[in-house]
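Asks: Sequence and predicted model, in that order:
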Amino acid sequence: MNKFWLLLGLSFVIGTTCAWTMNYMEYGHREAYFGEITMDGSVTADNVMAKLKEYHSDSAARAELDGKPVHDFGAMSPGSKGSHEFIVKNVGNDVLRLELGASTCKCTLGSLVNNQLAPGESTSVELEWTVSSDKTTFEQSAELRTNDPLRPAIRLVVQGLVISDIEFDPKQIAFGEVLAAEPFEFSTKLYNYYDTDIVPQSAKFGSEELTELSEVEFEPFEVSEADGSHQNARQGFLVKVNVKPGLRQGPLVTNLQVSFKKVGASEEATTDNQTDELSEDTFVALAECAGRVMGPLTILESSAMKSTDGGGYIWTLGRLDADDDLEKKCLVALKGSEKDSTNLTIGETYPSDVIEAEFGKPIGRGQTRLFPLVLKLKAGEELIDLLGKNKDDFGWLWIESDNPKVSRMKVAIKVLIEPRP
């Protein structure tokens, strides 16, 4: 038993010693940025200046970088390789010594004798990198050490975006609020980063309704510096979408699906606008689309007034005590080409003995006519609960129009009215 505990203790000591040694060899010693730290008492007040001279140069060499220390390569596809040359000059009066420090990419100094630059000379520092595929941004750096006392280290950086073979700009197409009865259009740019040209074939949406009402055009353009981070793309296409009236009201979130072929992948390229079946040599690129389809009739929203997916509204008034005002107001907006030829009225209300409403004189404002709506609630001798705790257990009113092109709209009213004498 004693031997067991002895062997266990010996194993613990040996294991701890080996682990500490390996950790120290790997991480425990590295050169400090301002030189080695000495704690053995060899540095005193009498010799500190002499010691400092060992670590800090008083050379008259001056390192100057021709250009910025950060190179933005724009955008590159995953796995692609790039390189960039930085130029370092010696603008001082002494020999400039250069050496490579810490680096996260391949870094090569120009052909120098003993890595030295005479006054007035310059050399190139080339950084090479391979773009990783697991991130959307990329950055690599290399440190260049010098004997310039004013610039002991120069950090060179290359950075940019990591893109797919096909990129959209914008990636998320937001067409905002559009009227269901009016046509609208939106666009995005498609950039090709393949090694070969492509030919767009067709486009459709995840929404079948939007696909049926849309016409999509592809207009090629020359990629230039004006395209910013996409200036290195091989091709560019402007994707224009024209949508006819008729979309259902409510939020619309879908994706744009552009099918394309690589040049040479097939003898003939079809150009039909819609394609249900894709051949093996046809590829698809996706972009997100989002917006909201509105009817010509809307209500200006507030904390109490919120729209629903079906195009109606919910007016939440909460609990009204005996001292609260029973008259509430909101603004109904009429937009589109029919706004000037349409009149609004209050239709059916429920409960009719509790809810009444009327419109004030309309107000013209640019492309919109505003109709002030006054809601008049009636209290009774008993509690009136229209909070909608159960399904459809709330009040409502209908807003009607005399124009068949402007559909009527329902407003649900959630309220609890305390009894009043």
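Replies: Now that the structure is in, tell me what you want to look at. Numbers count the residues shown, from 1 in each chain.

Asks: which other helices and strands contact the strand or helix carrying Phe138?
Replies: Taking DSSP states H and E as the definition, Phe138 sits inside strand 137-146. Helices and strands touching strand 137-146, by 3 or more Cβ pairs under 8 Å, 6 or more residues apart in numbering; DSSP states H and E, are strand 96-103, strand 122-130, strand 153-162. Every residue, glycine included, has its C-beta placed from N, CA and C.

Asks: In its sheet, which strands sit next to it, and in what direction?
Replies: Under the criterion DSSP bridges, strand 137-146 sits next to strand 96-103 (antiparallel), strand 153-162 (antiparallel) in its sheet.

Asks: Can you tell me what sits against that strand?
Replies: By Cβ atoms under 8 Å, 6 or more residues apart in numbering, the residues outside strand 137-146 that reach it are 61, 63, 76, 88, 96-105, 107, 125, 127, 129, 131-132, 152-162.

Asks: Pipe the helices and strands packed on strand 137-146 into TSV and attach mean pLDDT and distance to Gly250 per row.
Replies: Listed next are the helices and strands packed on strand 137-146 as TSV, based on pLDDT from 0 to 100; distance: least, Cβ to Cβ, whole Å:
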stretch	mean pLDDT	distance to Gly250
strand 96-103	83	55
strand 122-130	86	46
strand 153-162	87	34
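
Asks: okay if I get these as JSON lines plus distance to Leu317?
Replies: Formatted as JSON lines, these follow (distance: least, Cβ to Cβ, whole Å):
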{"stretch": "strand 96-103", "distance to Leu317": "66"}
{"stretch": "strand 122-130", "distance to Leu317": "62"}
{"stretch": "strand 153-162", "distance to Leu317": "50"}
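
Asks: Ok, which of those comes nearest Gly336?
Replies: strand 153-162 (40.4 Å; Cβ to Cβ).

Asks: That closest one vs strand 122-130, what angle?
Replies: Put simply, strand 153-162 runs at 40 degrees to strand 122-130, going by axes from the mean of the first three to the mean of the last three Cα atoms, to 10 degrees.

Asks: next SSE after strand 153-162?
Replies: Counting by DSSP H and E, the next helix or strand C-terminal to strand 153-162 is strand 166-169.

Asks: Quick one: name whatever helix or strand follows that following strand.
Replies: Next helix or strand after strand 166-169 toward the C-terminus (DSSP H and E): strand 172-179.

Asks: helices or strands up against that next one?
Replies: Where contact means 3+ Cβ pairs under 8 Å, 6+ apart, strand 172-179 is packed against strand 184-192, strand 282-294.

Asks: From the contact counts, what lies against the shortest one?
Replies: In other words, strand 184-192. Taking 3+ Cβ pairs under 8 Å, 6+ apart as the contact cut, strand 184-192 packs with strand 166-169, strand 172-179, strand 235-243, strand 282-294.

Asks: next one: that strand to chain centre, how far?
Replies: 17 Å (Cα atoms, centre = their mean, to the nearest Å).
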